[in-house]
Every structure is written in structure tokens, then in C-alpha cells.
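Asker: coords please:
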Amino acid sequence: MMKNVVLVLLYDDEGKFLLQLRDSDPTIAYPGHWGGFGGSLEEGETATVGARREILEELNYSTDYLSFLNSRQLPDCLVDVFSCKLTVPPSELTLMEGLDMGLFSIDQISTGVLYSKTMRQSYPVAAPLRTMCQEFIQSEIAISAD
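Answerer: This is a model prediction of the structure:
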């Protein structure tokens, strides 16, 4: 059975994305990679409710400002992708899951490797996340050009 998951692209006023360095647990998707915030939907949960729950669980961050972007089929799951503008600085968030978090520009993300200040080394960016961030930036550019 195909797993349903949500991913929230959190971004700040400068257009930088808040990413999470995922744990090295081999049982999770993209262990030891930079990824977004999100996870599996619970039984009977809508994607919007799941996205809110995930960022609350992972960052202790509550918001009503989620915008649905698209659904994406990956080999092992269907991902509902949301965007959310941060209304607080990252210093006011509490990382509850993962090894590190950081704000990164699309240019940094596009390199495919990001440095973790906490872990003091570089880690790869999950390829689907790179694509999703690039698509989000392109859609924002297209909207602002109209």
C-alpha cells in the first residue's frame, strides 16, 4: 500500500528555506540528508491537518498559514507539498526531531550539499527536496511577474 506523506517548505522573508538535517537512522527516508519538515499521515488525517501536526511535533511551531502547492508521486509514497512562511525567527523554534536545522538560499540548496554547524560537516540534500524548492521559487517568480 502506498504511504501518504506531507512536506512543508518553510521559508523566511529573504526567501531562504528552513531545512532539517535528518537523523542517520537507516529505517527512515533519506537518513543523514537535509530535508524538509513533514512525515506520514495518521489514519483518517487530512494532508492539511497532518502538515500542521508535523511542524508542531518537529519544531513546536503552530501556524494557520499553510498553502498547498502540489502532490508528487515518489517511488515509495505520495507527497502532498505545502509552503509556509515563517512568522518567527528560527531562534524561537525548538528542533524536536533531526540532528540540526538551518536557513539556506535556493542557490545553496541547488549545490546538493549543505554544511551543518551543529555536526561540523557537510551532508547531501535529498534530491526530491532540491527539486521541490526550485519549483517553489520558480512558481513564486512567475506569480510576482504577473
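
Asker: so where is this protein shaky, pLDDT-wise?
Answerer: 1, 141-146 (pLDDT under 70).

Asker: Quick check, central residue of it?
Answerer: Per C-alpha atoms, centre = their mean, the C-alpha nearest to the average position across the chain is that of residue 36, at 1.9 Å.

Asker: If you drop the residues flanking it in sequence, what lies closest to that residue?
Answerer: Spatial nearest neighbour of residue 36, chain neighbours left out: residue 7 (4.6 Å); criterion: C-beta to C-beta, 6 or more residues apart in numbering. C-beta: built from backbone N, CA, C; applies to glycine.

Asker: For the helix or strand that neighbour falls within, give me every contacting residue.
Answerer: Using DSSP states H and E, residue 7 sits in strand 3-11. With C-beta atoms under 8 Å, 6 or more residues apart in numbering as the test, strand 3-11 has contacts from 17-18, 35-41, 47, 50-51, 54-55, 66, 69, 76-86, 129, 132-133, 136.

Asker: Write a ChimeraX command that selects only the buried members of these.
Answerer: In ChimeraX, this line selects whichever of these come out buried by 16 or more other C-beta atoms under 10 Å:
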select :17,18,35,36,37,38,39,41,47,50,51,54,55,66,69,79,80,81,82,83,84,86,129,132,133,136
